[in-house]
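Trainee: 3D model of this:
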Amino acid sequence: MGGVDSVNLDPFSIPLSKINVANPYLFQSDKHWDWFKRLRDEDPIHYCAESEFGPYWSITRYHDIMEVDTNHNVFSSEPAIVISDPQEDFALPMFIAMDQPKHDEQRKIVSPAVDAKNLRHFEPIIRQRTCEVLDNLPSRGSFDWVETVSIELTTRMLATLFDFPFEDRSKLTRWSDVATAAPGLGLIETEEERQTELLECLKYFTQLWDERSRKAPANDFISMLVHGAATQNMAPMEYLGNLILLIVGGNDTTRSTMTASILTLHQNPSELEKLKSDRNLIPSMVSETIRWQTPLAHMRRLAITDTVLNGKHIKAGDKVVMWYVSGNRDERFFDTPDMYCIDRKNVRKHLSFGFGIHRCMGNRLAEMQLQVLWEEILRRFDRIEVIGEPLRTPSTFVKGYTNLEVKLHEKR
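Mentor: So this is what the prediction gives:
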């Protein structure tokens, strides 16, 4: 049972067999929580026989998700990591949707761009840009935090990672949004429209590929792909697939958490006071916000052999969806998981970055961007007031925001 009509239904009044949580309208309306709670309590390995994405299993408890995420011999990432299947005529291979050894070979090429050595190099750049953006915010009236801060800061960082022409950086945001949007929900109307825009992305990046191929190797993503032994002979659509992976990975997750941090600390003023009195809690606050928000709601796997998971028989070829958004609220692992607590004891054990070979390679960079942002916010503002209700992304994958109207209250 899905679609916009199901948003206001009581999930506890519906037969378990009819529950379909892969419904973008549930996430857009922020009404998915009780649906997942019922599955965690009554049917944590839940089979949905009918949905617009076909039949699939929902994995909703923390430890079951961990078991799937780390068992690469039973649960494959190919051919996709989202619940929807790739278009046969527009397949985009990417290393996150590959198994070993090819996954490891390609990931190894680009991961040095966000290793510890480069993080030390990025920190002053991140701080300079954060200060510039915050210092130019309107001091009177309200404005959209998503567009003015979250998107601006993450897009600047993306442009740096790709050594992308800075004046064209808004293209990165558009391509990221188009890649993950569902047709007919506001951003694009058809699958053909998506494909047209992503082919424009490929054309632009092919020019950059050709330029980097004539230069010495450098530490940006494109140069690494150009000169990497495992990636230099990629087919065009595999190049595009890996570009989309790196763009979305560096964009949606960080910007959603930047916005969520403003919203949750507005909603929890006692936690904001706790943070203001002890700024050493900033890293912990960042981790708690990443758990609380869960910027990517799910990842999917494909069973490659018959198996049993928590008593349920899963057949080879079945789709298995790990709902990180549910596992991060699992009462069996987190105490009072619906509370936002910035000094939570096991705060770094959230599921949002994934586990195993596919754990997010840019997690430390994302945390750094968020930590710097809040260090600079606390230097400038007493609080940031949220005006009205946020507008959320209509998606079962990207759990984010399209608008958050705010007003600044500067320090006295």
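Trainee: Low-confidence ranges, the stretch 1-150 of the chain, go.
Mentor: Low-confidence segments of the stretch 1-150 of the chain, defined by pLDDT under 70, are located at 1-2.
Trainee: can you pull out the strands in it?
Mentor: Taking DSSP state E, counting those that start in this stretch as the criterion, the stretch 1-150 of the chain contains strands spanning 45-48, 56-59, 75-76, 143-144.
Trainee: same deal with the stretch 251-400 of the chain?
Mentor: Using DSSP E, counting those that start in this stretch, the strands of the stretch 251-400 of the chain run over 298-303, 307-309, 312-314, 319-323, 381-386, 391-392.
Trainee: mind listing what the shortest one pairs with, with the direction of each?
Mentor: If I follow you right, that is strand 391-392. strand 401-403 (antiparallel) (DSSP bridges).
Trainee: Buried residues in the partner strand, which are they?
Mentor: By 16 or more other CB atoms under 10 Å, the buried positions in strand 401-403 come out as 401-402. C-beta: built from backbone N, CA, C; applies to glycine.
Trainee: right, and the helix or strand after it?
Mentor: strand 405-410 (DSSP states H and E).
Trainee: Check what contacts that following strand and list those residues.
Mentor: With CB atoms under 8 Å, 6 or more residues apart in numbering as the test, strand 405-410 has contacts from 137-139, 141-145, 262, 380-388.
Trainee: and the strands of the stretch 1-150 of the chain, which is most packed in?
Mentor: strand 56-59 (a mean of 26; mean count of other CB atoms under 10 Å).
Trainee: helices or strands up against that strand?
Mentor: Here strand 56-59 touches strand 45-48, strand 319-323, going by 3 or more CB pairs under 8 Å, 6 or more residues apart in numbering; DSSP states H and E.
Trainee: ok and the last one relative to strand 298-303, angle-wise?
Mentor: In terms of direction (axes from the mean of the first three to the mean of the last three CA atoms, to 10 degrees), strand 319-323 departs from strand 298-303 by 150 degrees.
Trainee: Adjacent strands (with direction) for strand 319-323?
Mentor: strand 56-59 (parallel), strand 298-303 (antiparallel).
Trainee: same thing with the first one?
Mentor: Using DSSP bridges, strand 45-48 pairs in its sheet with strand 56-59 (antiparallel).
Trainee: Can I get the partner strand in CSV, CA atoms only?
Mentor: Below are the C-alpha coordinates for strand 56-59, written out as CSV (Å, rounded to 0.1, in the frame of the first residue of the first chain):
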residue,chain,number,x,y,z
TYR,A,56,11.3,-6.5,-1.9
TRP,A,57,12.3,-7.3,1.6
SER,A,58,12.5,-4.5,4.2
ILE,A,59,15.3,-5.0,6.8
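Trainee: residues making contact with it?
Mentor: 21-22, 39, 44-48, 65, 68, 83, 300, 309, 312, 314, 318-323, 326-327.
Trainee: In contact with the spatially closest residue to residue 40 that is not a sequence neighbour, which residues?
Mentor: Distance criterion CB to CB, 6 or more residues apart in numbering; nearest residue to residue 40, sequence neighbours excluded, is residue 60 at 4.8 Å. Counting by CB under 8 Å, 6+ apart, residue 60 touches 36, 39-40, 44-46, 323, 326-327, 330.
Trainee: One more pass at 10 Å, please.
Mentor: If you count contacts by CB atoms under 10 Å, 6 or more residues apart in numbering, residue 60 has them with 21, 35-41, 43-46, 321-327, 329-330.
Trainee: I'd like the helices and strands packed on strand 56-59 as TSV, with distance to residue 128 appended.
Mentor: Output for the helices and strands packed on strand 56-59, formatted as TSV (distance: least, CB to CB, whole Å):
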stretch	distance to residue 128
strand 45-48	48
strand 319-323	37
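Trainee: Out of those, the one nearest residue 181 is which?
Mentor: Closest approach to residue 181 among the helices and strands packed on strand 56-59 is made by strand 319-323 (19.1 Å; CB to CB).
Trainee: From what I see, residue 37 and residue 332 are in contact.
Mentor: No - look at residue 37 against residue 332 with CB atoms under 10 Å: they stay out of range, at 11.8 Å.
Trainee: Could you check which of these two has the larger neighbour count?
Mentor: Taking neighbours as other CB atoms under 10 Å, residue 37 and residue 332 compare with residue 37 leading, 19 against 12.
Trainee: Mind pulling up the pLDDT for residue 408?
Mentor: At residue 408, the model reports a pLDDT of 97.
Trainee: can you count the residues close to it?
Mentor: Residue 408 has 20 neighbouring residues, counting by other CB under 10 Å.
Trainee: again with residue 303
Mentor: Here the number of neighbours of residue 303 (other CB under 10 Å) works out to 19.
Trainee: contacting residues for it?
Mentor: Residue 303 neighbours (CB under 10 Å, 6+ apart): 57, 68, 74-76, 309, 314-320.
Trainee: and it, bridged to which residues?
Mentor: Applying DSSP bridges to residue 303, the residues it is bridged with are residue 75.
Trainee: and residue 117, what does it touch?
Mentor: Counted by CB under 10 Å, 6+ apart, residue 117 has contacts residue 219.
Trainee: For it, give its distance to residue 219.
Mentor: Going from residue 117 to residue 219 by CB to CB, to the nearest Å gives 9 Å.
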